[in-house]
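K.L.:
sequence and computational prediction follow.
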Amino acid sequence: MSKEAFFEVDLNTPLGPIRGRVSVNTGPMGLVELVPTALELTNMLVNRARKREEKEGKRISCQAGCGVCCCQMVPISAPEAFYLADLIESLSPDRREEVLKRFEVIKKELERQHLIDELLDPLYGDDGVMPTPKKYFFLNLPCPFLVKESCSIHPYRPVACREYNVTSPPSWCADPYSYEISKVPMPLPLSAPLASLTAQLTDSKPRLIPLTLAPFWVVENAELQQRQWPGLELFQQLMAEVGKPWLKKGGRP
Ligand code: SF4
């Protein structure tokens, strides 16, 4: 049975302190339930990072209706993949069918390009750079959630999408490998602690999954999607992961 407790969050981040009370389900909890907290923290950090850039006289180029960056490979953590799968499940039948068709079309193209294995198990070159996102970008596969150049799941979009804010001219985003895109610097993508917590719980390596393969990955990992842990413990573990680089102190319920 789900019970609630309050957890005092006290984080010292490079973008200033974050303090507040978070309601936590102390009953059994799945990984997906950590996502709203990660998204909320991301919003706070993004707002601060954007304000800092603006104070320095830079202008954020990103605007509603510009979905140029949505052809890039978007890396998400397993809990975010479960979150998107639930979101797709909650769509109206027509919309769900349409979105899933778009995912299928992309998967078929990635299969044709023999990129699936590489995308799900990224290979890094000698220079430490992963070549797949570049190949992916030039396939011109808009995200299945992009509608009329706008994000149709804006309030629920993953961490990586929230953190992608640029100050360089918007037209450059159409060719990010020819221009040096200036992104608003962020201290830590919140998908990283979600991925490392998942790795600890499953005794595996931290991994990120391309958004466009998420529904298929979720089907393959249905058991993990159903698994539950004591909610408070799970939340405390997430906060420890979030705070590893800059945790001042964790709170008590
Ligand atoms: S989820 Fe939304 S913001 Fe992210 S890539 Fe897809 S359409 Fe773009």
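P.N.:
That came in fine, so what should we check first?

K.L.:
can you map out the strands along the stretch 151-253 of the chain?
P.N.:
Defined through DSSP state E, counting those that start in this stretch, the strands belonging to the stretch 151-253 of the chain, from first to last, are 209-210, 229-230, 247-250.

K.L.:
ok, residue 72 - contacts?
P.N.:
Remark: with contacts taken as Cβ atoms under 8 Å, 6 or more residues apart in numbering, residue 72 is in contact with 133, 136-137, 176. The C-beta positions use only the backbone N, C-alpha and C, and glycine is treated the same way.

K.L.:
quick check on these: which are buried?
P.N.:
Of the members of the contacts of residue 72, the ones counted as buried by neighbours, 16 or more other Cβ atoms under 10 Å, are 133, 136-137, 176.

K.L.:
from those, which has minimum pLDDT?
P.N.:
For the buried ones among the contacts of residue 72, the weakest pLDDT value sits at residue 133, with 85.

K.L.:
quick check, that residue in a helix?
P.N.:
Yes: the assignment for residue 133 by DSSP: H, G, I helix; E, B strand; the rest coil puts it in a helix.

K.L.:
list the contacts of it.
P.N.:
With contact taken as Cβ under 8 Å, 6+ apart, residue 133 is in contact with 72-73.

K.L.:
quick one: it from the ligand, how far?
P.N.:
Here the criterion is Cβ to the nearest ligand atom, to the nearest Å. By it, residue 133 lies 13 Å from the ligand.

K.L.:
try residue 144
P.N.:
Computed as Cβ to the nearest ligand atom, the residue 144 to the ligand distance reads 7 Å.

K.L.:
please apply the same query to residue 58.
P.N.:
Noted for residue 58: a distance of 21 Å to the ligand, by Cβ to the nearest ligand atom.

K.L.:
give me every residue that touches that residue.
P.N.:
The contact partners of residue 58, taken as Cβ under 8 Å, 6+ apart, are 167, 182.

K.L.:
for it, give me phi and psi.
P.N.:
For residue 58, the backbone dihedrals are phi -90, psi 150 (criterion: degrees, to the nearest 10).

K.L.:
near the ligand, which residues of the stretch 1-150 of the chain?
P.N.:
The stretch 1-150 of the chain has residues 67, 70, 74, 143, 145-146 near the ligand, with proximity defined as Cβ under 6 Å from any ligand atom.

K.L.:
next, give me the two most distant ones among the residues you listed.
P.N.:
Among those, the pair separated by the greatest distance (Cβ to Cβ) is 67 and 74, at 12.0 Å.

K.L.:
intersection of neighbour lists for these two?
P.N.:
residue 143.

K.L.:
who has more neighbours, those two?
P.N.:
Neighbour count, other Cβ atoms under 10 Å: between residue 67 and residue 74, residue 74 has more, with 25 against 17.

K.L.:
if we can go back for a sec, the buried ones among the contacts of residue 72 in helices, which ones?
P.N.:
Using DSSP state H, 133, 136-137 are the members of the buried ones among the contacts of residue 72 that sit in helices.

K.L.:
in CSV: those residues, plus distance to residue 44.
P.N.:
Listed next are those as CSV, based on distance: Cβ to Cβ, whole Å:
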residue, distance to residue 44
133, 27
136, 30
137, 29
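
K.L.:
surely residue 99 is within a helix?
P.N.:
Yes: residue assignment for residue 99, taken from three-state DSSP, places it within a helix.

K.L.:
which residues sit in contact with it?
P.N.:
Taking Cβ under 8 Å, 6+ apart as the criterion, residue 99 is in contact with 88, 91, 144-145.

K.L.:
before we move on, back to that, can you say which two of the contacts of residue 72 are spatially most distant?
P.N.:
Using Cβ to Cβ, the pair of the contacts of residue 72 lying farthest apart is 136 and 176, separated by 11.7 Å.
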